[in-house]
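Colleague: Let me see the structure of the following:
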Amino acid sequence: MVEITDSLACLFTGEIEERDGEHVVTVPESEIEHGTLEPGKSYRVALIARETAESTSDGSETDPGQTSGRSRSGNGATPGTSSSSATDTAPSGPPVSEGDIREVTIETLGDKGDGIAKIERGYVVIVPDSEPGDQPTVEITSVRENVSFADVIDE
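Modeller: This is a model prediction of the structure:
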């Protein structure tokens with residue numbers, strides 16, 4: 001299981017692309033629009049390989065986390081590695097769906113003051129109007145690859 005630091009600024013899924021001899025990870029525009037990240041600033045980047053290997057047309061497997069390179073800002077980034085293979089039974093995708101009801105523990109607050117809880121495999125659930133230590137029952141309202149949003153339905 002991957003541990004996620006409390007200083008996590010954002011979490012998204014992306015691909016590494018080669019452009020003009022450099023390797024680039026594109027940051028989603030929403031991270032800039034929401035003020036999570038600011039252009040021109042330096043950030044520490046962690047790359048985590050997907051849980052499952054991808055098959056190529058010749059039947060061999062490739063691991064998207066095995067690419068090395070530099071981030072767009074020129075800061076060095078060391079990609080994660082994975083020992084998983086196509087025979088692993090590790091689940092892929094988010095461990096929740098919209099409408100799911102969960103009991104969570106709020107571990108910390110995000111930059112915007114929303115509560116942050118972590119559930120299976122370090123998956124992040126953002127819960128507005130909550131404080132560290134709260135243990136609310138929440139309903140998942142929006143699901144993304146690496147993060148979901150939830151509303152408190154019972155405290």
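Colleague: in the protein, which segments are predicted with low confidence?
Modeller: 1-6, 50-91 (pLDDT under 70).
Colleague: and Glu31, what element?
Modeller: helix 29-33 (DSSP states H and E).
Colleague: just checking, what packs against that helix?
Modeller: Secondary-structure packing of helix 29-33 (3 or more CB pairs under 8 Å, 6 or more residues apart in numbering; DSSP states H and E): no helix or strand packs against it. C-betas here are computed from N, CA, C, even on glycine.
Colleague: So for it, what gets flagged as buried?
Modeller: Within helix 29-33, not a single residue qualifies as buried, counting by 16 or more other CB atoms under 10 Å.
Colleague: How about residues contacting it?
Modeller: With contact meaning CB atoms under 8 Å, 6 or more residues apart in numbering, helix 29-33 is reached by 10, 12, 37-39.
Colleague: Let me have these in JSON lines, extended by distance to Ser142.
Modeller: Formatted as JSON lines, the contacts of helix 29-33 follow (distance: CB to CB, whole Å):
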{"residue": "Cys10", "distance to Ser142": "15"}
{"residue": "Phe12", "distance to Ser142": "14"}
{"residue": "Leu37", "distance to Ser142": "20"}
{"residue": "Glu38", "distance to Ser142": "24"}
{"residue": "Pro39", "distance to Ser142": "26"}
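Colleague: Can you tell me which of those are classed as buried?
Modeller: Cys10.
Colleague: got TSV for the contacts of helix 29-33, with secondary structure and distance to Phe149 too?
Modeller: Rendered in TSV, the data for these read as follows (DSSP: H, G, I helix; E, B strand; the rest coil; distance: CB to CB, whole Å):
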residue	secondary structure	distance to Phe149
Cys10	coil	14
Phe12	coil	14
Leu37	coil	18
Glu38	coil	22
Pro39	coil	25
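Colleague: Out of the contacts of helix 29-33, the closest to Pro132 would be?
Modeller: For those, the minimum distance to Pro132 (CB to CB) is 19.6 Å, reached by Cys10.
Colleague: residues contacting that closest one?
Modeller: 27, 31, 36-37.
Colleague: could you redo the last one with a cut-off of 6 Å?
Modeller: By CB atoms under 6 Å, 6 or more residues apart in numbering, the contact set of Cys10 is 31, 36.
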